[in-house]
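S.K.: sequence unknown, structure follows:
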């Protein structure tokens, strides 16, 4: 039962139980019959239905498409996908866990940033195959969860006087609902090893940013104006990769890393940013320092942390952060004393965790995803 607007309306999902295959008579269930079933479930309580704005009989269909693109699995190496499906077109499940919209929007976001990267020439078309590879696995996990959850909540209420009849107590229902909270909130996706999701070799450097999962935000202090901000709010749905460089104690390794990113010819910024694009057009680099914001002179930082970008070439002052003394992001997210680089995909999933000194590893990771734009300059 879900309260609706107005204070007098409520939505009821009423489980009608198992239906034999091919039996279509269930669709003729009347409002009166639904009310009777609801009251039998709620006994010794009951509802008195005065008016019904809308009713329908929904048959749970847990289905999954073989592919989310027009290329068969045995032709992936030779064909580029041209047609894609997302959301209910490729996976269906019950309406009880709040997952339909969550997963469908994530399908579209996953596909959208990859299409943009290919169409703008930043990545090869092979990147599009990762859409089915990633999202089909997520959809299968969703359906497996849905089967469990649908069966769990369909169980009768436990009668303490007759435990041998089975059923679920209110305490068990509450406990299981809480346990599944991340799933019902749409945050349970974990992408496995792929060109877009690295090995967890250096996961110990940032234990709170688990590779393959959504970026787990925490508050920081923006150095430019001392404003407390959730670091995750720095994300924009603009197709760029985010690199969060978390400082060592003195901050020198972070400064060295930022200087290399913005200036070295072998850095990802130099290799994969298209000619004429802003310095932060592909990689949005942020620096997070362990010190108080008063101790940081932003004017002394490398250009990649204070870039001039956008149509007017204005300087961006919102890429330098300090720890929040009330909630230390370094402590909460398990950042190593030597610092770390957390690489975040355009769809806000953590792709890699590396030491601040891992220059070759970082470039090699992006070399497997993005096109080297220096070749375009030479041509």
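M.R.: In hand now; what should we look at? Small disclaimer: the values here were computed from a predicted structure and weren't measured. Numbering: from 1, shown residues only.
S.K.: and the closest residue in space to residue 83 that isn't next to it in sequence, what is it in contact with?
M.R.: Here the nearest residue to residue 83 in space, its sequence neighbours aside, is residue 70; by Cβ to Cβ, 6 or more residues apart in numbering that works out to 4.0 Å. For every residue, glycine as well, the C-beta is placed using N, CA and C. When contacts are counted by Cβ atoms under 8 Å, 6 or more residues apart in numbering, residue 70 touches 81, 82, 83, 84.
S.K.: So which of those are in helices?
M.R.: Using DSSP state H, no member of the contacts of residue 70 falls within helices.
S.K.: Got a quick ChimeraX command for the buried subset of the residues you listed?
M.R.: With 16 or more other Cβ atoms under 10 Å as the burial test, the buried ones among the contacts of residue 70 are selected in ChimeraX as follows:
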select :81,84
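S.K.: Farthest-apart pair in the contacts of residue 70, please.
M.R.: Checking the contacts of residue 70 against each other with Cβ to Cβ, the farthest-apart pair comes out as 82 and 84, at 8.4 Å.
S.K.: rewinding a little: using a markdown table, lay out the contacts of residue 70 together with pLDDT and distance to residue 334.
M.R.: Output for these, formatted as a markdown table (pLDDT from 0 to 100; distance: Cβ to Cβ, whole Å):
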| residue | pLDDT | distance to residue 334 |
| --- | --- | --- |
| 81 | 95 | 38 |
| 82 | 95 | 43 |
| 83 | 97 | 43 |
| 84 | 97 | 37 |
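S.K.: Just put the contacts of residue 70 in a markdown table and tack on distance to residue 109.
M.R.: Below are the contacts of residue 70 laid out as a markdown table (distance: Cβ to Cβ, whole Å):
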| residue | distance to residue 109 |
| --- | --- |
| 81 | 17 |
| 82 | 20 |
| 83 | 19 |
| 84 | 13 |
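S.K.: From the contacts of residue 70, pick the one nearest residue 41.
M.R.: Taking Cβ to Cβ as the measure, residue 41 lies nearest residue 84 of the contacts of residue 70, at 41.0 Å.
S.K.: who does the closest one bridge with?
M.R.: residue 69 (DSSP bridges).
S.K.: That one contacts residue 68, doesn't it?
M.R.: Yes - with contact defined as Cβ atoms under 8 Å, residue 84 counts as touching residue 68 (6.2 Å).
S.K.: Could you tell me which residues touch both of these two?
M.R.: Counting by Cβ under 8 Å, 6+ apart, the residues touching both residue 84 and residue 68 are residue 131.
S.K.: How is this structure partitioned into domains?
M.R.: As recorded under automatic domain parsing, the domains making up the chain are 1-59, 63-184, 203-378.
S.K.: Grab the most central residue of this protein for me.
M.R.: Nearest residue to the geometric centre of the chain (Cα atoms, centre = their mean): residue 214, 4.3 Å.
S.K.: Against which helices or strands is the longest helix seen in the chain packed?
M.R.: Counting residues, the longest helix in the chain under DSSP H turns out to be helix 129-153. Based on contacts counted as 3 or more Cβ pairs under 8 Å, 6 or more residues apart in numbering; DSSP states H and E, the elements that helix 129-153 packs against are strand 63-64, strand 91-92, helix 100-119.
S.K.: Dump these to JSON lines, plus mean neighbour count, distance to residue 27 and mean pLDDT.
M.R.: Compiled in JSON lines, the helices and strands packed on helix 129-153 are given as follows (neighbours: other Cβ atoms under 10 Å; distance: least, Cβ to Cβ, whole Å; pLDDT from 0 to 100):
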{"stretch": "strand 63-64", "mean neighbour count": "12", "distance to residue 27": "18", "mean pLDDT": "90"}
{"stretch": "strand 91-92", "mean neighbour count": "22", "distance to residue 27": "17", "mean pLDDT": "88"}
{"stretch": "helix 100-119", "mean neighbour count": "18", "distance to residue 27": "21", "mean pLDDT": "92"}
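S.K.: Distance to residue 362 added to those, as a markdown table?
M.R.: Formatted as a markdown table, the helices and strands packed on helix 129-153 follow (distance: least, Cβ to Cβ, whole Å):
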| stretch | distance to residue 362 |
| --- | --- |
| strand 63-64 | 36 |
| strand 91-92 | 34 |
| helix 100-119 | 18 |
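S.K.: Of those, which is nearest residue 325?
M.R.: Shortest separation from residue 325 across the helices and strands packed on helix 129-153 is recorded for helix 100-119, at 34.3 Å, computed as Cβ to Cβ.
S.K.: Relative to the whole chain's centre, how far out is the closest one?
M.R.: Remark: helix 100-119 is offset 11 Å from the chain centroid, using Cα atoms, centre = their mean, to the nearest Å.
S.K.: And for it, what's in contact with it?
M.R.: 68, 84, 86-88, 90-91, 93, 123-125, 127-128, 130-131, 134-135, 138-139, 142, 185-186, 189, 237, 239, 345-347, 370.
S.K.: Low-confidence stretches in the stretch 251-379 of the chain?
M.R.: Counting by pLDDT under 70, the stretch 251-379 of the chain contains low-confidence residues at 375-379.
S.K.: Could you pull up phi and psi at residue 87?
M.R.: Reported as degrees, to the nearest 10, the phi and psi values for residue 87 are phi 60, psi -140.
S.K.: Quick check: residue 216 touching residue 329?
M.R.: No - counting by Cβ under 8 Å, residue 216 does not reach residue 329; the two are 10.0 Å apart.
S.K.: before we move on, the earlier item: let's have the domains of the chain in CSV, adding distance to residue 194.
M.R.: Conversion of those to CSV gives the following (distance: least, Cβ to Cβ, whole Å):
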stretch, distance to residue 194
domain 1-59, 35
domain 63-184, 6
domain 203-378, 9
